[in-house]
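>>> need coordinates for the below:
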Amino acid sequence: MEYKTLLNEAKIPVLGVGTWQVGGRTEPDYSIDKQEIAALKKAIDLGYTLIDTAEMYGGGHTEELVAEAIKNVDRKKLFIVSKVMAQNLSYKNLIAAAKKSLERLQTNYVDLYLIHAPNPNIPLKETMKAMDYLVEKGLTKFIGVSNFSVKEMQEAQKYSKNKIVANQIQYSLLCRNQSTYHHCRNMESEIIPYCQENNIIIMADRPLHKGLLVENSYPVLEKLAKKYSKTKAQIALNWLISKQNIITIPKATNIEHLIENIGAIGWKLDQEDINILDKTDFN
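Prediction:
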């Protein structure tokens, strides 16, 4: 696995496994638990150590599946990320939510705990006080946000004793400046440059745009795939991790996809090809 620096000498893998819709969407789905646990175990066997989840996923069931997958793995070798829902950002609710996530994950701490989305109805000062509490008590090593604008990140940091080390946002060749499922916008023009300047990791979710980058025909991707003897997915993922402070967390429960995705590391696109992808309009 390859890594980027999170804070000081702490490292975060450049490629992880996203778990949205593993074990259900916002309600639990127990129908294929065995297959999904097996897929997560296989991911770890393949070398994935970063697993991204959230209390919202599967109504909490996703965290339970992650717990089953990691229970015989050395915890120190894993990097577990979870997120608190926007409605739980009051001081007491956030701390309670974090503790429930840890119970479901069957671990004493997460490596990174994120605010899943901003909530204008709950003061950020109160939220960040609770996030600081989690760090002080050792319930999380690091704190961050998700779907936050530059202004929201700046406000959150103003109220926190601990550095905000990550912002998880939708970002891909097909989604540059306007999220398709959240209010987040100006990712490429504002959020990413700010994070790069301030040593904040961007966690790019939906990096293959729900498979559209692979399913549709894009001549430039096909040309580069042929040039590097890689797949279109591997080119798209490598483009992301080639960038300063950007890592990515594609969701995959298909073993072939897990193998394919991890093939995005261990090599690099030439800068001229990165520039071509930067300038290509995929929409």
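
>>> Gln234: what's it in contact with?
Gln234 sits next to 225, 228, 260-261, 263-264 when contact means C-beta atoms under 8 Å, 6 or more residues apart in numbering. Every C-beta, even on glycine, is put in place using the N, C-alpha and C of the backbone.

>>> the same query, at a cut-off of 10 Å, please.
Contacts for Gln234 were tallied using C-beta atoms under 10 Å, 6 or more residues apart in numbering; they are 214, 224-225, 228, 260-265, 267, 269.

>>> now the end-to-end length of stretch 165-185.
20 Å (C-alpha to C-alpha, to the nearest Å).

>>> show the average pLDDT along that stretch.
Looking at stretch 165-185 alone, the average pLDDT works out to 94.

>>> which of the residues in it are buried?
By neighbour count, and taking 16 or more other C-beta atoms under 10 Å as the criterion, the buried residues in stretch 165-185 are 165-176, 179, 184.

>>> cool, and stretch 18-38?
Within stretch 18-38, judged by 16+ other C-beta under 10 Å, the buried ones are 18-20, 22-24, 28-29, 33, 36-37.

>>> how close does Ser31 sit to Ala43?
Distance of Ser31 to Ala43, computed by C-beta to C-beta, to the nearest Å: 20 Å.

>>> typo on my end, Ser217
Separation of Ser217 from Ala43 (C-beta to C-beta): 29 Å.

>>> more neighbours: which of those two?
Per other C-beta atoms under 10 Å, whichever of Ser217 and Ala43 has more neighbours is Ala43, with 23 against 7.

>>> now do the helices in the stretch 151-283 of the chain.
Assigned by DSSP state H, counting those that start in this stretch, the helices in the stretch 151-283 of the chain fall at 192-197, 212-215, 219-228, 232-241, 255-262, 271-279.

>>> just the CA trace of the host helix or strand of Ala67, in PDB.
For Ala67, the host element (DSSP states H and E) is helix 61-70. Listed in PDB are the C-alpha atoms of helix 61-70, where the atom choice follows Å, rounded to 0.1, in the frame of the first residue of the first chain:
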ATOM      1  CA  HIS A  61     -25.400  -2.400  10.500                       C
ATOM      2  CA  THR A  62     -22.500  -1.600   8.200                       C
ATOM      3  CA  GLU A  63     -20.300  -0.900  11.200                       C
ATOM      4  CA  GLU A  64     -21.300  -4.300  12.600                       C
ATOM      5  CA  LEU A  65     -20.200  -6.000   9.400                       C
ATOM      6  CA  VAL A  66     -16.900  -4.100   9.500                       C
ATOM      7  CA  ALA A  67     -16.400  -5.400  13.000                       C
ATOM      8  CA  GLU A  68     -16.900  -9.000  11.900                       C
ATOM      9  CA  ALA A  69     -14.500  -8.500   9.100                       C
ATOM     10  CA  ILE A  70     -11.700  -7.100  11.200                       C
END
